[in-house]
Structure formats: C-alpha cells, structure tokens
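K.L.:
what follows is a predicted protein model with its sequence.
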Amino acid sequence: MVNAAPGQPVTNGEPVAVTQPSRLRRSDGEPIRVLVVDDEQTLAELISMALRYEDWEVRSAGDGGAAIRVAREFRPDVVVLDVMLPDIDGLEVLRRMRADTPRIPVLFLTAKDAVEDRIAGLTAGGDDYVTKPFSLEEVVLRLRGLLRRAHITEETDSAQIVVGDLTLNEDSREVRRAGQLVSLTATEFELLRFLMRNPKRVLSKMQILDRVWNYDFGGQANIVELYISYLRKKIDAGRPPMIHTMRGAGYVLKPGADQGS
C-alpha cells in the first residue's frame with residue numbers, strides 16, 4: 001500500500017492523482033473558443049492539440065474562405081491566423097473578420113521574418129505574431145496574453161498539480177517530491193508537467209515530442225529517453241519510482257511503489 005500525501009484522496013488503498021492546473025476560461029465560465037487558420041494541416045493539428053490541452057474549444061480552417069465562414073458560425077474569442085493562405089491572404093481574412101467582430105484578438109503566424117512583413121501585419125490590426133518555426137508553448141503563452149489583455153477571461157485560483165507525493169506549481173514553477181524541493185531545467189519542467197497532467201496514461205515518444213519540443217523538431221526520439229533519464233535521477237532517485245517505461249508504447253507517470261519501471 002502506498003502512503004498518500006497529506007490531504008491526498010485515496011481510492012482502493014492507492015492515492016488518486018489530483019490535477020488543479022491554472023486554466024483560462026471565458027468570463028461566463030465557458031471554455032475559450034479558438035479558431036486556428038493554417039493551410040499546413042499537420043501544423044494546424046499540432047496547434048489545435050496544444051490548445052485543447054489547455055481545455056479550450058478549437059476549430060480549424062485550411063484557407064481564408066473557410067476561416068471567414070467558420071468564424072461567423074463559431075464566434076471565436078481569439079484567432080491564430082497564418083499570413084500566407086492559398087486563396088485569400090491573412091491580412092484580408094483579418095479585415096473581413098473584424099468587419100463582423102471588430103475587437104477579436106488575432107495572433108499571426110508567418111514564415112517571413114522581414115521587419116516590413118511584421119509591421120504590415122500589426123498595422124492591419126493583428127495583435128501579435130510569431131515567426132515559423134516556433135514552439136507550441138510560445139503560441140499558447142502569446143494567446144493567453146492576448147486573452148488577458150482583451151479582458152475575455154477569468155483564471156482559476158489554483159495552479160497546482162498533485163500526483164501521489166509529487167507536486168508541481170505552474171505559476172512558481174516549483175516542484176516538490178515528498179515535500180523536498182526538486183530543481184529542474186525548463187525542458188525537464190515541461191516534460192514533467194505533461195506527464196503529470198496525464199497521470200496513469202501511457203504517452204508515446206511522438207506525443208511527448210509534439211508537446212514538449214518544437215513542432216518541427218528535427219532530432220531523434222531518443223531525446224525523449226535522455227530527458228526521461230534526467231527526470232528519473234531527480235524525481236525517483238532514492239524513492240519509490242513514479243516514471244515507468246512501457247516497452248514499445250512509451251512512458252507513464254503514476255503513484256505507487258509496487259510496479260516496476
């Protein structure tokens with residue numbers, strides 16, 4: 001039997017993972033609605049996955065015409081908009097969207113890095129931009145900033161994730177195991193956060209790469225093995241292991257001392 005951390009719920013003798021992440025929601029309590037517009041389907045799917053991970057409601061469109069139609073039906077709170085689209089460019093899409101919803105915040109995606117292109121996007125009314133390639137984490141952070149500035153959201157009070165005797169605070173970025181402070185690098189923190197937000201769920205190397213590293217990360221999946229080993233040395237060393245390898249499937253984080261790694 002595994003001992004529960006103070007205040008940790010227990011079911012059938014085993015601590016239950018409690019997740020209390022910091023979340024943005026609409027002021028009416030409903031999920032944030034985001035429209036993702038990009039003709040690169042893989043990229044649009046990765047961005048959408050990262051936003052659903054924030055518990056936001058996401059729709060996507062692959063060209064400007066579809067984006068305008070979806071925006072009228074879906075009424076998004078914020079838009080992620082590629083500048084280069086196959087039919088109508090993103091600046092014109094923004095102009096038409098703003099005709100219907102004048103204050104809708106927009107984050108531009110652009111493969112161009114020339115200063116004049118950035119100025120053109122912002123002059124046209126874009127609120128912010130990121131230049132490809134970018135990290136999914138950066139997109140999420142930029143969107144959270146836009147939503148706060150637009151006063152669309154409310155944020156939950158708690159930013160703590162708890163799994164067994166392991167706690168992670170998303171605001172202070174503080175991690176503790178059995179009350180003892182654990183020092184992590186930025187990448188180790190993001191990897192642990194992903195594992196802790198999905199307790200007892202087997203996550204493949206590709207899922208981890210997509211979420212923790214850049215969408216266009218060009219390295220090998222063994223980078224995941226390397227960082228899992230780093231985490232184990234800091235989280236599991238001298239303690240009942242929480243990070244387990246599921247051979248041929250991926251990795252899982254769960255409380256408990258009775259299962260091998």
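P.N.:
Okay, I see it.

K.L.:
low-scoring stretches of the chain, by residue?
P.N.:
Applying pLDDT under 70 to the chain flags residues 1-23, 112-126, 153-158, 214-221, 256-261.

K.L.:
can you give me the helices in it?
P.N.:
Using DSSP state H, the helices assigned to the chain run over residues 41-52, 64-74, 90-100, 115-123, 136-149, 186-197, 205-212, 222-235.

K.L.:
now these as CSV including distance to residue 163 and mean neighbour count?
P.N.:
Glycine gets a C-beta too; all of them are placed from N, C-alpha and C. Listed next are the helices of the chain as CSV, based on distance: least, C-beta to C-beta, whole Å; neighbours: other C-beta atoms under 10 Å:
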stretch, distance to residue 163, mean neighbour count
helix 41-52, 21, 18
helix 64-74, 34, 17
helix 90-100, 41, 17
helix 115-123, 41, 14
helix 136-149, 21, 17
helix 186-197, 5, 19
helix 205-212, 17, 18
helix 222-235, 10, 16
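
K.L.:
those: which one's closest to residue 176?
P.N.:
Smallest distance to residue 176 across the helices of the chain (C-beta to C-beta): 10.4 Å, for helix 222-235.

K.L.:
next, the angle from that closest one to helix 186-197.
P.N.:
80 degrees (axes from the mean of the first three to the mean of the last three C-alpha atoms, to 10 degrees).

K.L.:
which residues sit against helix 222-235?
P.N.:
Helix 222-235 is contacted by residues 166, 177, 182-185, 187-188, 191-192, 195, 205, 208-209, 212-213, 217, 241-243, 245, 251, 261 when judged by C-beta atoms under 8 Å, 6 or more residues apart in numbering.

K.L.:
how far off centre is that helix?
P.N.:
The chain centroid and the centroid of helix 222-235 are separated by 20 Å under C-alpha atoms, centre = their mean, to the nearest Å.

K.L.:
surely residue 166 and residue 175 touch.
P.N.:
Yes - at 7.5 Å, residue 166 counts as touching residue 175 under the criterion of C-beta atoms under 8 Å.

K.L.:
neighbour count: the two, which is higher?
P.N.:
Neighbours were tallied for residue 166 and for residue 175 using other C-beta atoms under 10 Å; the higher tally belongs to residue 166 (25 against 22).

K.L.:
which ones are touching the more buried one?
P.N.:
Residues near residue 166 by C-beta under 8 Å, 6+ apart: 175, 176, 177, 196, 235, 242, 255.

K.L.:
do that again at 10 Å, thanks
P.N.:
Applying C-beta atoms under 10 Å, 6 or more residues apart in numbering to residue 166 gives the contacts 5, 17, 175-178, 182, 192, 195-196, 199, 235-236, 239, 242-243, 253, 255.
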